[in-house]
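**Q** Requesting a structural model of the entry that follows:
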Amino acid sequence: MRYAVAAALIAALIPLPSLAQTGVSGSPGPPAGVSGPPGIFGFDLGPNGDPASVAREGGKRVRISADWSELEPARGKFVWRALDATVDRAVGAGLRTVVVLTNTPKWAALDSGAPESVWRHQPPRNVADWARFVGAAATRYRGRVSAWQVEPVLDFPVFRGTFRDYAEMLHAARLAVRQADPQAQVVAASSSGLDLSYVKSLFARSGDDFNALVLVPTRRTPEEVLEALGVIHARIAPDSRHELWLDGADAGGPSASPDDAVGNQMIRMAASGIAGGVSQEFWSGRQLAPRWAPLRGTLIRILESAHLVGWLPRGAGLYAFVLTGGPLPVAVMWSAGEEQAVPVAFDGAPRITTATGGDAAPVTRDGKPAVPVGRSPVLVQGLAPSVLAEAAQAAQQGPFPIPRDSAHDFSRAESVSVTLGPVNDERGLYNQRFRSLPAGAVVPLTVDGADAVRTDAAKDAVYVYLDVDHSFAYFIDGREDLLITIEVHRAKASQQVGFNLLYDSMTGYRFTSWQWIEAGSGWVKYAIRLTDAGFSSAWGWDLAINGAGDKREPLVVRSVTIQKVQRNRP
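**A** Predicted structure coming up:
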């Protein structure tokens, strides 16, 4: 009864579109042999995967790969036996099945004379061949395959085509699937990372050709994914016509998560996905290891059918999402900073579940009950109805505010900058974390009494990678220009050393024109104005100073400053 009253209060506070933001009008019903809603969690099923084991864990959806080059080795000659068996096992286990279409047969490839590592990943020479294949597959598996995904990811080694090539394949797939099986969905792929410029272009050009878009947040943190999802919903696809899915790529930051941190990442990504309006998240790789089976079971049991109520504003660095729709309301909480005791009102005895599946005890703060929250997330049950009401009220105030601390909030700053050296002085512009990249391993040095860094062409360390704090500039989308000021040491001779910028634009990463550095002594500054910056950290960084063309003398960089400039103003 207490939660019924709370639910009524929440319904009054949150408009229906907000509660239903993850829904898609016209979403198909369950395939034959499958009952009930699909839930948010799916499993990537490898060649030796066992659908029955997925069902035993509580999973309701699997994703399998189908290689066109194996299914149609010659035009019009189909070999379905292996895919038949996999689909039959999945449907027999009561699972919804998503098929990812990948690779191209040699006979259909754009350049069949190229090496196999090339032609297998090219788009088809004639898109009609592709359309006939997709139509044949959708017809054969009508009512048993719930969705068809076009390519697993759009990274160049996997798909060697252009944006236009992919758009044509997506359009042809949509027409073929709609004719063969109107209830099946078509799913668009994306490149790894979080390329919001690509996402915007895809929705603008091909929005009628897919039901869902799968994001592949490789090496990106759940917090970065949550921020990107907020931008997509607010500024790119504000309606509910399309679902957003998450690929279970090994997200976790600039480098892959250690094995012991996978469970931590799984909980944070699940909560971020639900809070960000994701309708499907697929686990893969290390997330499917046996050691994480208990955690998968916990997430399925508690969060499988959950939706966002809102969040608890508890200060800088604290993520606290309140979800309902499972057995009991739950708060998923973690800190981006130091561990803290977070005040929470309970109704009876609380249960606090850690990322390892164990239980944690509540603590007190100022004489009141609290939850110990650190970088490892916890799932908190036994919440008082007042907590749900508070979360719903917070959601009414607007989109989720990223809980930045004041030292890392540059939303009102006139500029961001970095002074380079052995240990950088970073003021909203970050380079230090990219020194571990082979191409970014620039060498610290002292020149004219000042700290700086230099490129090392012998080791191909020729990029000074930079990422702008998102509170200053994130997915600029043409709203303003950026003025980049680079301070470098003068060259020993004319046209001996120079640089340009490789930056995240609204049409992908691109280079500015080459800038030679004047000869002489001391330091000199060059300003470059970007009028089409995207800056969504698509590959984890926004821009890089490129010194790859310098063979006779290294490029020496002392500082970089970025300012916002209003459009059409000098």
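**Q** Follow the chain on from the helix or strand bottoming out on mean pLDDT in the chain and name the next helix or strand.
**A** When the helices and strands of the chain are scored by mean pLDDT, DSSP states H and E, helix 16-19 comes last with a mean of 32. Once the chain leaves helix 16-19, the next helix or strand it forms, by DSSP states H and E, is strand 41-44.
**Q** List the strands paired with that following strand, with their directions.
**A** strand 61-67 (parallel), strand 280-283 (parallel) (DSSP bridges).
**Q** buried residues in the first one?
**A** Going back to what we said before, that points to strand 61-67. Applying a neighbour-count criterion of 16 or more other Cβ atoms under 10 Å, one finds 61, 62, 63, 64, 65, 66, 67 buried in strand 61-67. The way it works is simple: take the backbone N, C-alpha and C, and place the C-beta from them, glycine included.
**Q** can you tell me which residues contact residue 427?
**A** 410, 416, 417, 418 (Cβ atoms under 8 Å, 6 or more residues apart in numbering).
**Q** Return the list of helices and strands in contact with the lengthiest helix in the chain.
**A** The longest helix of the chain (DSSP state H) is helix 163-180. Here helix 163-180 touches helix 127-140, strand 147-150, strand 185-188, helix 196-206, going by 3 or more Cβ pairs under 8 Å, 6 or more residues apart in numbering; DSSP states H and E.
**Q** chain center to it, what's the gap?
**A** Here helix 163-180 is found 24 Å from its chain centre; the criterion is Cα atoms, centre = their mean, to the nearest Å.
**Q** about what we covered before: between the buried residues of strand 61-67, which is nearest residue 442?
**A** Closest approach to residue 442 among these (Cβ to Cβ): residue 65, at 39.5 Å.
**Q** how about the strands in the stretch 151-300 of the chain?
**A** Applying DSSP state E, counting those that start in this stretch to the stretch 151-300 of the chain gives strands spanning 185-188, 212-215, 243-246, 280-283.
**Q** Find me the pLDDT at the nearest residue to residue 357 once chain neighbours are set aside, would you?
**A** Nearest residue to residue 357 in three dimensions, chain neighbours excluded: residue 294, at 4.7 Å (Cβ to Cβ, 6 or more residues apart in numbering). Looking at residue 294, its pLDDT is 92.
**Q** Report how many residues lie close to residue 294.
**A** 13 (other Cβ atoms under 10 Å).
**Q** try residue 389
**A** 19.
**Q** Also residue 337?
**A** Using other Cβ under 10 Å, residue 337 has 14 other residues around it.
**Q** Include distance to residue 261 and mean pLDDT when you put the strands paired with strand 41-44 into TSV, please.
**A** Putting those into TSV (distance: least, Cβ to Cβ, whole Å; pLDDT from 0 to 100) gives the following:
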stretch	distance to residue 261	mean pLDDT
strand 61-67	24	97
strand 280-283	15	96
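**Q** which one of these lies closest to residue 390?
**A** Closest approach to residue 390 among these (Cβ to Cβ): strand 280-283, 26.6 Å.
**Q** List the contacts of the closest one.
**A** Applying Cβ under 8 Å, 6+ apart, the set of residues contacting strand 280-283 is 38, 40-44, 61, 63, 212, 214, 243, 245-248, 266, 269-270, 273, 296.
**Q** Mind putting the strands paired with strand 41-44 into TSV with distance to residue 457?
**A** Formatted as TSV, the strands paired with strand 41-44 follow (distance: least, Cβ to Cβ, whole Å):
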stretch	distance to residue 457
strand 61-67	41
strand 280-283	41
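**Q** Go through those and name the closest to residue 232.
**A** Residue 232 lies closest to strand 280-283 among the strands paired with strand 41-44, at 14.9 Å (Cβ to Cβ).
**Q** how much distance is there from that closest one to the middle of the chain?
**A** Distance of strand 280-283 from its chain centroid, counting by Cα atoms, centre = their mean, is 12 Å.
**Q** Give the buried residues for stretch 402-418.
**A** Across stretch 402-418, burial judged by 16+ other Cβ under 10 Å covers 402, 403, 404, 408, 410, 413, 415, 416, 417, 418.
**Q** Among these, which one sits closest to residue 388?
**A** Using Cβ to Cβ, these come closest to residue 388 at residue 403, 19.7 Å.
**Q** so what's the residue nearest the centre of the chain up against?
**A** Residue closest to the mean C-alpha point of the chain, counted by Cα atoms, centre = their mean, is residue 217 at 3.1 Å. Contacts for residue 217 (Cβ under 8 Å, 6+ apart) come out as 192, 193, 194, 224, 225, 228, 246, 247, 249, 251.
**Q** same thing with residue 401?
**A** Contacts for residue 401 (Cβ under 8 Å, 6+ apart) come out as residue 313.
**Q** hang on, the earlier thing: right, so the helices and strands packed on helix 163-180: which one is the most enclosed?
**A** With neighbours taken as mean count of other Cβ atoms under 10 Å, those reach their highest mean count in strand 147-150, at a mean of 25.
**Q** What strands flank that one, and is each parallel or antiparallel?
**A** According to DSSP bridges, strand 147-150 forms sheet pairs with strand 96-102 (parallel), strand 185-188 (parallel).
**Q** Identify the residues contacting the following helix or strand past the longest one?
**A** Once strand 96-102 ends, the next helix or strand along the chain (criterion: DSSP H and E) is helix 116-119. With Cβ under 8 Å, 6+ apart as the contact definition, helix 116-119 has outside contacts at 104, 106, 109, 110, 111, 112, 113, 160.
**Q** Could you tell me the phi and psi values at the closest residue in space to the second one that isn't next to it in sequence?
**A** Right, residue 106. Take residue 106 and drop its neighbours on the chain: the residue closest to it by Cβ to Cβ, 6+ apart is residue 112, 5.0 Å away. In terms of degrees, to the nearest 10, the main-chain angles of residue 112 are phi -70, psi -10.
**Q** do residue 540 as well
**A** Backbone geometry at residue 540, expressed as degrees, to the nearest 10, gives phi 100, psi -10.
**Q** what do you get for residue 415?
**A** Per-residue torsions, residue 415: phi -160, psi 160 (degrees, to the nearest 10).
**Q** Now do it against residue 428, distance only.
**A** Distance of residue 415 to residue 428, computed by Cβ to Cβ, to the nearest Å: 8 Å.
**Q** Before I go, just wanted to say thanks for your time.
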